[in-house]
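Sequence first, predicted coordinates after that:
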Amino acid sequence: MIPRAIAPRALQLSRWFPVVSVTGPRQSGKSTLVREVFSDYAYVNLEDPQTRQQALSDPVGFIRNRPNRLIIDEVQLAPELFSMIQVVSDESNTPGQYVLSGSQNFLLLKQITQSLAGRVGLLGLLPFSFTEAKEGEGDLTPDSFMLRGGYPRLYDVDVPQATYFSAYVKTYVERDVQDYLGVRALASYRTLLELCAQCVGSLLNVTRLANDVGASRESVNSWLSMLESSYVLFRLRPYHANLRKRLTKTPKLYFYDTGLLCYLLRIRTLDQLLTSPYLGMVFENLVIEERMKMHLNAGRDPDLYFYRDDNKVEVDLVDMTDADHGLLAEIKSSQTYRSGFSRHLRVVGDEIGIPAERRFVVERAEGDFDADGVQVRNIATWLGMS
């Protein structure tokens, strides 16, 4: 088993809160994580029909008749359990009583908000980061990880990426929208998914997406919300520190996993990726998604943005997770450094008060060096930064 960087945070939360909840994309390793970290807890999985029926027919008995050091997997399948977990956890008022996980994050978080507010420590588990995956495969390179992605199944068995992601999209991504939005136009939904992949790193234009898909703007917004709550993609917001400047208000789209992104772009081999016109945007996605994983694994809420004003001054990543130590990064898939890469870093860094030592160009060139008042970092070095 490849150790998960978030494991210490899970233990820490269990010492502070009566309930710990783990959300994240399907197949990101949530069940494996909680069973490994909380190995002395009893475990039930509501995917099992008999177990689920017991929880649905007698939620009081289901909780009362089990130890209160209990993992409940797919807990959102029995919504009435949340009220009983609240009652029992309040009675003893001790930390670490229940660990909840589930793959339908939109339902799980809704129930937590309604029944367990203030009682639950939340974890977000994404697929393997590069540093986690490299622990399992020491010869893994950033380029090969960019193609393969971080879903644990791809490191457990020798399954071709295209085979895995084809099943993943049909079994999970499309099933969610069918089950919870009643969507029957799966061809349009699949087209939207592929169009989102093609516009990674670009400003989101919902009207254009709706026209290209042949669906209403309301439908596309609903589908995008489902993809976000399923941890398939996320919106990166524009940075607004200086309200006097004319800055864009439109977010950008990125995927939580570059392996899935490459699949949707029909990139199947490393050679195809390295010669693809999409290389730059896949590389940009990698850098931003890995920054998000780094913060989540450390128990921090990522506070990430991009910067763009009306003069087309733009920086790919503004990281204000630690407001006292903000960071700027310009992301280039090039293997050759050019002085123009750092021009906007200097302008924006001076504008929002990010010091020179926190301004980075991240690229695929060999080695790390300082140039033009910024820090130039190879992608392998960047992925190892904390």
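Yep, it's here.

quick one: the strands in the stretch 151-300 of the chain?
For the stretch 151-300 of the chain, applying DSSP state E, counting those that start in this stretch gives strands covering 233-238, 252-255.

which strands and helices sit next to the shortest one?
Contact here means 3 or more C-beta pairs under 8 Å, 6 or more residues apart in numbering; DSSP states H and E; on that basis strand 252-255 packs against helix 186-198, strand 233-238, helix 279-297. C-beta: built from backbone N, CA, C; applies to glycine.

buried residues in the second one?
Using 16 or more other C-beta atoms under 10 Å as the burial criterion, the residues of strand 233-238 that qualify are 233-234, 236, 238.

Could I get the full set of helices for the stretch 101-250 of the chain?
Using DSSP state H, counting those that start in this stretch, the helices of the stretch 101-250 of the chain run over residues 105-115, 130-136, 142-148, 153-156, 161-168, 174-181, 186-198, 206-213, 217-229.

domain parsing for the protein?
For the chain, automatic domain parsing gives the domain ranges 7-124, 130-383.

so can I have TSV of those domains showing distance to Met1?
What follows is the domains of the chain, written out as TSV (distance: least, C-beta to C-beta, whole Å):
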stretch	distance to Met1
domain 7-124	7
domain 130-383	9
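
Export those domains as CSV, with columns for mean pLDDT.
Putting the domains of the chain into CSV (pLDDT from 0 to 100) gives the following:
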stretch, mean pLDDT
domain 7-124, 92
domain 130-383, 92
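
what's the neighbour count on the closest residue to Ala7 other than its chain neighbours?
In space, not counting the residues next to it along the chain, Ala7 is nearest to Val37; the distance is 5.1 Å by C-beta to C-beta, 6 or more residues apart in numbering. As a burial measure, Val37 scores 20 neighbours (other C-beta atoms under 10 Å).

how much space between the residue nearest to Arg35 when sequence neighbours are not counted and Leu227?
Of all residues not flanking Arg35 in the chain, Tyr43 sits nearest, at 6.2 Å (C-beta to C-beta, 6+ apart). According to C-beta to C-beta, to the nearest Å, Tyr43 stands 30 Å off from Leu227.

quick one: which of these two has more around it?
Taking neighbours as other C-beta under 10 Å, Tyr43 and Leu227 compare with Leu227 leading, 22 against 14.

contacting residues for that one?
173, 193, 196, 233 (C-beta atoms under 8 Å, 6 or more residues apart in numbering).

Test my guess that the last one contacts Phe255.
Read that as Leu233. Yes - assessed by C-beta atoms under 8 Å, Leu233 is found in contact with Phe255 at 5.0 Å.

can you list residues touching both of these two?
Common neighbours of Leu233 and Phe255 (C-beta under 8 Å, 6+ apart) are Cys196.

What is the most widely separated pair among the contacts of Leu227?
Val173 and Cys196 (11.3 Å; C-beta to C-beta).

What segments of the stretch 1-150 of the chain are strands?
19-23, 42-45, 70-73, 98-101, 120-124.

Would you mind giving those strands as CSV with distance to Ala10 added?
Below are these laid out as CSV (distance: least, C-beta to C-beta, whole Å):
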stretch, distance to Ala10
strand 19-23, 6
strand 42-45, 15
strand 70-73, 11
strand 98-101, 8
strand 120-124, 6
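
Mind checking those strands for the one nearest to Ile267?
Short answer: strand 120-124, nearest of those by C-beta to C-beta, at 26.8 Å.

Other residues contacting that closest one?
The contact list for strand 120-124 (C-beta under 8 Å, 6+ apart) reads 6, 9-10, 13-14, 16-24, 100, 112, 296.

Using CSV, write out every CA atom in it.
In CSV, the C-alpha atoms belonging to strand 120-124 read as follows (Å, rounded to 0.1, in the frame of the first residue of the first chain):
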residue,chain,number,x,y,z
VAL,A,120,-17.3,17.0,12.2
GLY,A,121,-13.8,17.4,10.9
LEU,A,122,-13.7,17.4,7.1
LEU,A,123,-11.0,15.8,4.9
GLY,A,124,-10.7,16.0,1.2
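
That one pairs with which strands, and in what direction?
Note on strand 120-124: by DSSP bridges, its sheet partners are strand 19-23 (parallel).

Tell me how far the partner strand lies from the chain's centre.
How far strand 19-23 lies from its chain's middle: 16 Å, per C-alpha atoms, centre = their mean, to the nearest Å.

Touching that strand from outside, list them.
Contacts of strand 19-23 (C-beta under 8 Å, 6+ apart): 10, 13-14, 30, 33-34, 85, 89, 96-102, 105, 108-109, 112, 116, 119-125, 231.

what about 6 Å?
For strand 19-23, contacts defined as C-beta atoms under 6 Å, 6 or more residues apart in numbering pick out 13-14, 30, 34, 98-101, 105, 112, 116, 119-125.

repeat for stretch 187-194
Residues outside stretch 187-194 that contact it (C-beta under 6 Å, 6+ apart): 177, 183, 213, 215, 223, 264.

give me that answer again for 10 Å
With contacts defined as C-beta atoms under 10 Å, 6 or more residues apart in numbering, stretch 187-194 is touched by 169-170, 173-174, 177-178, 181, 183, 185, 209-210, 212-215, 219-220, 223-224, 226-227, 232-233, 255, 260, 263-266.

Drop anything exposed from these.
Among those, those classed as buried by 16+ other C-beta under 10 Å are 169, 173-174, 177, 183, 209-210, 212-213, 215, 219-220, 223-224, 226-227, 232-233, 255, 260, 263-265.

For Glu36, which non-adjacent residue is spatially closest?
In space, Glu36 is closest to Met1, 6.7 Å off (C-beta to C-beta, 6+ apart).

Confirm for me that the one you found is in contact with Gly136.
Yes - counting by C-beta atoms under 10 Å, Met1 touches Gly136, with 8.7 Å between them.

Who has more neighbours out of those two?
A count of neighbours by other C-beta under 10 Å puts Gly136 above the other of Met1 and Gly136, at 14 against 10.

Thank you, goodbye.
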